[in-house]
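1. Need a 3D model of the sequence below.
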Amino acid sequence: MSDVHTKKQRSYNMSRIKNKDTRPEIVVRKIIHGMGYRYGLHRKDLPGKPDIVLTRHRKIIQINGCFWHKHNCKYGKVKPKTNADFWEMKRTATVKRDKESLSKLKKLGWDILVIWECQTKQPKKIVQKLTAFLNPSMKS
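-> This next block holds a predicted model:
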């Protein structure tokens, strides 16, 4: 059996992928809420519409999908066999846009933490990362 999708199949698969309220985002949001923090979501007035914004703390948490943002894990290294050039260009543009948005946010005085989709599979490590980021005076 071939793992190459037709153009129609690939298009359908990609159209089903959400860009907000994803499973990794929900995992991180539940952890942050459980830690007692309150936050805003996808603020349109900030570059790149960050996933989670803790205004009082001047902190932003971005949750990136490994495939779309080309993480260096096994999920980020996947390359579609159908229309490969198109997907490579699209993913590369996403990475470029990420860098520009993060740079603008830093210039505006925001502290930023990027959490990758693959990391959300280990909630205990996410809690440690979030604790260190949100409350740097506490040792985790």
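2. what's the average pLDDT for the lengthiest helix in the chain?
-> Looking across the chain with DSSP state H, the single longest helix is helix 84-107. Mean pLDDT, helix 84-107: 95.
3. can I get the CA coordinates of that helix in PDB?
-> The C-alpha atoms that make up helix 84-107 are tabulated as PDB, following Å, rounded to 0.1, in the frame of the first residue of the first chain:
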ATOM      1  CA  ALA A  84       6.600  18.600  -1.800                       C
ATOM      2  CA  ASP A  85       7.900  21.900  -3.100                       C
ATOM      3  CA  PHE A  86       4.600  23.700  -2.200                       C
ATOM      4  CA  TRP A  87       4.600  22.300   1.400                       C
ATOM      5  CA  GLU A  88       8.300  23.100   1.900                       C
ATOM      6  CA  MET A  89       7.800  26.700   0.800                       C
ATOM      7  CA  LYS A  90       4.700  27.000   3.000                       C
ATOM      8  CA  ARG A  91       6.500  25.700   6.100                       C
ATOM      9  CA  THR A  92       9.600  27.800   5.400                       C
ATOM     10  CA  ALA A  93       7.400  30.900   5.200                       C
ATOM     11  CA  THR A  94       5.900  29.900   8.600                       C
ATOM     12  CA  VAL A  95       9.300  29.700  10.200                       C
ATOM     13  CA  LYS A  96      10.300  33.100   8.700                       C
ATOM     14  CA  ARG A  97       7.100  34.700   9.900                       C
ATOM     15  CA  ASP A  98       7.700  33.200  13.400                       C
ATOM     16  CA  LYS A  99      11.200  34.700  13.600                       C
ATOM     17  CA  GLU A 100       9.800  38.100  12.600                       C
ATOM     18  CA  SER A 101       6.900  38.000  15.000                       C
ATOM     19  CA  LEU A 102       9.200  36.900  17.900                       C
ATOM     20  CA  SER A 103      11.700  39.600  17.200                       C
ATOM     21  CA  LYS A 104       8.900  42.300  17.200                       C
ATOM     22  CA  LEU A 105       7.500  41.000  20.400                       C
ATOM     23  CA  LYS A 106      10.900  41.000  22.100                       C
ATOM     24  CA  LYS A 107      11.500  44.600  20.900                       C
END
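4. and it, what other elements does it pack with?
-> Counting contacts by 3 or more Cβ pairs under 8 Å, 6 or more residues apart in numbering; DSSP states H and E, helix 84-107 packs against strand 59-64, strand 111-116. In this view, the C-beta of every residue, glycine as well, is placed from N, C-alpha and C.
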